[in-house]
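# sharing a sequence plus its predicted fold:
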Amino acid sequence: MTENQAGPTNYTLDSSLDSVNRVEQTAEQMAKTAGLDEDEVFRVTMAVREAAVNAVLHGNSYDPAKQITASFENTGDSLIIKICDQGQGLDPATLPDPLAPENLLRGTGRGIFLINSFMDEVHFRLLHPGTELTLIKHLGTAPTGT
């Protein structure tokens, strides 16, 4: 509930690594501005990068005819980042467990695992076409070490 709170920042971007970098930079700046410590800024930035890479690579398959959208909002209580693709959609329940012994050397599912580890809440929504991934980091709830 700070005075400099604004509505969400929205981007519609090409399915490219340049777009991933722009989304990552916006998330990093947002986390720093929100006052998160260096470790939390890193976690938010990496989670958002993974989500953007998944949207471009897995969702849109680098298809130049498809775009991703990204929305960034600081509500004062939470950072809310939404990333959408125009792909076939993803059911996270179908992803293999990246920690299972048979999957340790496979790349599938690791990004979602990291996103879930680094954020406080993660929500998937099928859009037909596409998937919307909502990443939430609560502010002021970091462990104090006491």
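Sure thing, it's come through. Residues are numbered from 1 along each chain as shown.
# so residue 138 makes contact with residue 78?
Yes. If you go by CB atoms under 8 Å, residue 138 and residue 78 touch, sitting 5.1 Å apart. C-beta here means a position set from N, CA and C on the backbone, and glycine is covered the same way.
# please identify every residue contacting each of the two.
Shared contacts of residue 138 and residue 78, defined by CB atoms under 8 Å, 6 or more residues apart in numbering, comprise residue 120.
# which of those two has more residues huddled nearby?
Using other CB atoms under 10 Å, the more surrounded residue of residue 138 and residue 78 is residue 78, with 17 against 13.
# got phi/psi on that one?
Main-chain dihedrals, residue 78, degrees, to the nearest 10: phi -150, psi 150.
# so it is in contact with residue 140, correct?
No. Contact criterion CB under 8 Å: residue 78 and residue 140 do not qualify, at 9.5 Å.
# and the strands in this structure?
Along the chain, the stretches classed as strands by DSSP state E are 9-14, 67-74, 78-84, 121-126, 131-138.
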